[in-house]
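Q: Output the structure for:
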Amino acid sequence: MAKNSKYFTLGEENAFALYQPYAQSDEAPIDLHFLMRATGRPEPLIPAINAMLGQLDPTASLEIKPMSQALVFAMLPSRVGAGILGTMGILGLLLASVGLYGVLLYTVSRRIREIGLRVALGATRAGILRLVLRQSAVLSAAGIGIGMALAVFAVRPLAMFLSPEVRPTDLTNFVVVGAVLAVVALAATVSPALRALRVDPVVALRHE
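A: Alright, predicted model coming up:
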């Protein structure tokens, strides 16, 4: 019995495997792999390992390298995929923040007369600020909610790029991402909110 292992990708499902002794195999393997552990630097041991393995089969072609080097190519798809997805995520976040900023700014400009009338009737700066923030919260909550729902299904095919310890549907990941999006949405609301607070009721009532 042996513990579960990953053979092809980090995110693959645990598969059943049967280990067969080399002496009992009917087919000659294309290559053999030996895992050796050493204390200290492994480089000084390479000549001794070459000599020992050479005695087993003088015609064998030997390649000795540290595990870190062997894992470079195994980890390459995950690193490239993570880099691409991370870049796309950052660009998506920037586009979402710019879009929210534009929508709120346009909404404030369209409601100049309304805001001016509210101020003329006694609305406070805090009330005007709540008006803008409320609309921002509604738009942000709708976007985050729809995005999270779609992400539950979208992240499953991406599990192959993740290490076994990382679960794509972990609740913590969604909470952190939602918090980051909320902070970005709040930052995008600052400029439209300040513009709403600077509305002069006299000028606003003449606004067409």
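
Q: How is the chain partitioned into domains?
A: In terms of domains, the chain is parsed into 31-64, 68-205 (source: automatic domain parsing).

Q: Could you dump these into JSON lines with mean pLDDT and distance to Y22 added?
A: All C-beta atoms are positioned from the backbone trio N, CA, C, and that covers glycine. Shown next, in JSON lines, are these (pLDDT from 0 to 100; distance: least, Cβ to Cβ, whole Å):
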{"stretch": "domain 31-64", "mean pLDDT": "81", "distance to Y22": "8"}
{"stretch": "domain 68-205", "mean pLDDT": "79", "distance to Y22": "20"}
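
Q: Tell me which of these lies nearest to Y19.
A: domain 31-64 (12.8 Å; Cβ to Cβ).

Q: I'd like to know how many residues surround V199.
A: Per other Cβ atoms under 10 Å, the neighbour tally for V199 reads 20.

Q: Now do the same contact list for it.
A: Residues in contact with V199 (Cβ atoms under 8 Å, 6 or more residues apart in numbering) are 112, 115-116, 119, 128.

Q: Assign a three-state SS to it, would you?
A: Three-state call for V199 (DSSP: H, G, I helix; E, B strand; the rest coil): coil.

Q: quick revisit: tell me which two in the contacts of V199 are the farthest apart.
A: The distance between the two most remote of the contacts of V199 (Cβ to Cβ) is 11.5 Å, for I112 and I128.

Q: Spatially central residue for the chain, please.
A: In the chain, the centroid-proximal residue (Cα atoms, centre = their mean) is G86; its distance is 5.4 Å.

Q: That one and L71, how far apart?
A: G86 sits 20 Å away from L71, taking Cβ to Cβ, to the nearest Å as the criterion.

Q: got it, and G143?
A: With Cβ to Cβ as the criterion, G143 and L71 are 39 Å apart.

Q: Looking at the two, which is more packed in?
A: Ranked by neighbour count (other Cβ under 10 Å), G143 and L71 place G143 first, with 15 against 10.

Q: Correct me if wrong: that one contacts A96.
A: Yes: contact criterion Cβ atoms under 8 Å: G143 and A96 qualify, at 6.9 Å.

Q: ok so, going back, now render the domains of the chain as a markdown table, adding distance to S5.
A: Below are these laid out as a markdown table (distance: least, Cβ to Cβ, whole Å):
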| stretch | distance to S5 |
| --- | --- |
| domain 31-64 | 12 |
| domain 68-205 | 10 |
